[in-house]
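Sequence first, then the predicted structure, then my questions.
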Amino acid sequence: MAEPDPSRGARRSYAALGAVWALLLLFPLAAPNNFVLNLGISWFISLALAGSLNLLMGYAGQISLSHAAFYGLGAYASGVLSAKFGVSPWLGLCAAIALTAAAAFLIGWPSLKLRGHYLAMATLGFNVIMSVMFVELRGLTGGPNGLVGVPSLSLFGWEIGADIRFYLFAWVVVGLMMLLILNLLHSRMGRALRALSTSELAAKANGIDVHAVKLGVFVLSAVMAGIAGFLYVHLNNFASPENFDFVASVMLLVVVALGGTGTYWGPFLGALLHVVLPEALRAFSDFEILVYGISLVLVLLFFPAGLSGAVARLGRLVGRGGGR
Amino acid sequence: MDGSQLLQLVASGLVTGSIYALVALGFTVIFKSTDAINFAQGEWVMAGGMIGAFLHASFGLAPLLLLPVCAAAVALIGLVSERLAIHPLKAPTPMLLTLITIAVAITTRAAITLVLGKAPAGLPSFSGSENVAVFGATLPPQALWVFGITLLVMIGTHYFFQRSLLGRAMRAAAADREAAGLVGINVSRMAMWSFVIAAAIGAVAGLIITPLTLTSVNAGLMLGFKGFSAAMLGGLGNLHGALLGGLVLGLLESLSAGLLSSQFKDAVAFVVLLVVLFLRPAGLLGRASTERA
């Protein structure tokens, strides 16, 4: 396949992101009630999680099973500081960013020297350790019952409750994140990522500091998950340890894969599933979970490139009529 | 803390460790033939216990008789899963296979829930109910069954892969697919057998632990995850590593719960596991140079 002008592809991606983000402004107008509006907010949070994990997994080719731990670390950092110590959530955000960055650096430094399943195991181990902390540091975190009494955000005296104001806030924050990811992919760093996920040896030979690039992306993706946690905890005024355990990390992996690993738009579709499925599963009977499991097998069997791959294939089928 | 208490901790650590070792063995068998992490392994362990408890309660089957029956039943589940969900795959990659086993795990658990219900289920001990004293530690008789059966399964698996024609064909297929195909081994059939064997081993593990801990449809998740950790600790893809990893993980948990803190036992066990992983990236018995960047 001929690669035309790379900057043209970049311009098209920016335009598409702008268009999608502008359309998302209309969603609150179309949402019939607060419940649906909140699903929209949850979608933003899931997109931040799936998009950042995809950056690490899809582009850098590094499997992480600790994304939910960083999500939780961000949530608990800001949640505990504001609920137990009366610290402003905005300082809590700084703490969430600093803490997730520091934790990601400390665990990423040795882990990212490992590959494949060993990297998966190391990150999984970190997630388990964090889960134990969330549950057992009861004095701080509220233990298995969860952290209650987390205040909502307020900006210039405006309270950002769980309504249209929070939707707009998440629209801005997650929009900036997705823009940052797009920028990164079209930068020298993005090309380095793709190079090292294809062949680490070749990347090294071309002067890329493989370990530093991996670590940078790992820390960045962890910080984004931490910010998602910050959004989550101040949206719900609550955090519960089971949202951040290793099962949650595994499910995020599935979400990214279902959306389409290593494609920019995959996480947009994956996040949609991530929001709708747990809502549905909570009310699901055992029989419906069986159907869900079977459909998951079928999707993976027939669309191994995920939903975005399926959409792209459909697009090519339609496009074939008009040329080539 | 005196000597006999310490011995007690070691003994109970070895019991859980034996179960972890069997679950790890299941992971290892499938990993060797497909390079995938099989997330359904824990569900097969659960299925073994649940089916056993059901057969005992409904038909009064003796626990020892349950062993072959449950192993066969769960092996069938493994066979059907492989044929329906893994075999049709046109371009299998380890990542895709791993994701499919997550879906298979969800499906298996839902199917067992539908048929056998959500209530916790138990089994009587395989023999007697009087505790036995061994080297100064007091153990329930079932613990001895756990040791004995684990040892038998380990030896049996070792001989199967070293001596039998099928076992050696499976090793050949795992070592080099193309070369194995050239000498007439049906490679995809070997993957199927690995699912059957891993499922049967899982069922045995689930059955022998049920008299000690009870079981329920949710038990598989934790057992599977511990078994995976044990397999990694020992060196994934290494049969002896599975045994060593399982026993070490069981001991770590039991000792850290008894000597340090029961709440943080999982954290302590996994800190040690991370340290081992960082110092010996391919596990206790793995070759260290292979997976390091």
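Cool, the structure landed.

now the strands for chain B?
Secondary structure of chain B (DSSP state E): strands at B:132-134, B:137-139.

Could you give me the buried positions within the last one?
Going back to what we said before, that points to strand B:137-139. By neighbour count, and taking 16 or more other Cβ atoms under 10 Å in any protein chain shown as the criterion, the buried residues in strand B:137-139 are B:Ala137, B:Leu139. Every C-beta, even on glycine, is put in place using the N, C-alpha and C of the backbone.

now do stretch A:241-251
Using 16+ other Cβ under 10 Å as the test for burial, stretch A:241-251 gives A:Pro241, A:Asn243, A:Phe244, A:Asp245, A:Phe246, A:Ala248, A:Ser249, A:Val250, A:Met251.

For B:Ser164, the count of nearby residues, please.
11 (other Cβ atoms under 10 Å in any protein chain shown).

Contact partners for it?
When the contact criterion is Cβ atoms under 8 Å, 6 or more residues apart in numbering or on different chains, B:Ser164 has no partners at all.

And the residue of chain B closest to chain A?
B:Thr107 (3.2 Å; Cβ to the nearest Cβ).

Find the nearest non-adjacent residue to that residue, please.
On the basis of Cβ to Cβ, 6 or more residues apart in numbering or on different chains, the spatially nearest residue to B:Thr107 that is not a chain neighbour turns out to be A:Gly293, at 3.2 Å.

next one: B:Trp145
The shortest distance from B:Trp145 to any residue that is not its chain neighbour, by Cβ to Cβ, 6+ apart, is 4.6 Å, and that residue is B:Phe126.

What of B:Ala103?
In space, not counting the residues next to it along the chain, B:Ala103 is nearest to A:Leu296; the distance is 3.7 Å by Cβ to Cβ, 6+ apart.

Tell me how many other residues crowd the one you found.
Close neighbours of A:Leu296, defined as other Cβ under 10 Å, add up to 22.

hmm, back to that, report the contact partners of the residue nearest to B:Trp145.
B:Pro63, B:Leu64, B:Pro141, B:Gln142, B:Trp145, B:Ile208, B:Pro211.

swap in B:Ser194?
Under the criterion of Cβ under 8 Å, 6+ apart, the contact partners of B:Ser194 comprise B:Val29, B:Ile30, B:Lys32, B:Ser33, B:Thr34, B:Met170.

all helices of the stretch 101-250 of chain B, in order?
In order along the chain, the stretch 101-250 of chain B carries the following helices (DSSP state H, counting those that start in this stretch): B:141-163, B:165-175, B:177-182, B:187-213, B:219-234, B:239-255.

By neighbour count, which bits of the longest one are buried? Give me those.
When neighbours are counted by 16+ other Cβ under 10 Å, the buried residues of helix B:187-213 are found to be B:187-188, B:190-213.

now the angle from the longest helix anywhere in chain B to helix B:219-234?
The helix that spans the most residues within chain B, counting by DSSP state H, is helix B:3-34. For helix B:3-34 against helix B:219-234, the angle by axes from the mean of the first three to the mean of the last three Cα atoms, to 10 degrees is 90 degrees.

Report the mean confidence score over helix B:3-34.
Taken as a whole, helix B:3-34 has an average pLDDT of 92.

From the chain's centroid, how far away is it?
8 Å (Cα atoms, centre = their mean, to the nearest Å).

And that helix, what's buried?
By neighbour count on 16+ other Cβ under 10 Å, the buried set for helix B:3-34 is B:8-34.

show me the contacts for A:Trp90.
Each residue near A:Trp90 by Cβ under 8 Å, 6+ apart is listed here: A:Leu153.

and it, how far is that from chain B?
To chain B, A:Trp90 is 31 Å away according to Cβ to the nearest Cβ, to the nearest Å.

Give me the secondary structure label for that residue.
The three-state label given to A:Trp90 by DSSP: H, G, I helix; E, B strand; the rest coil is helix.

Lovely, talk soon.
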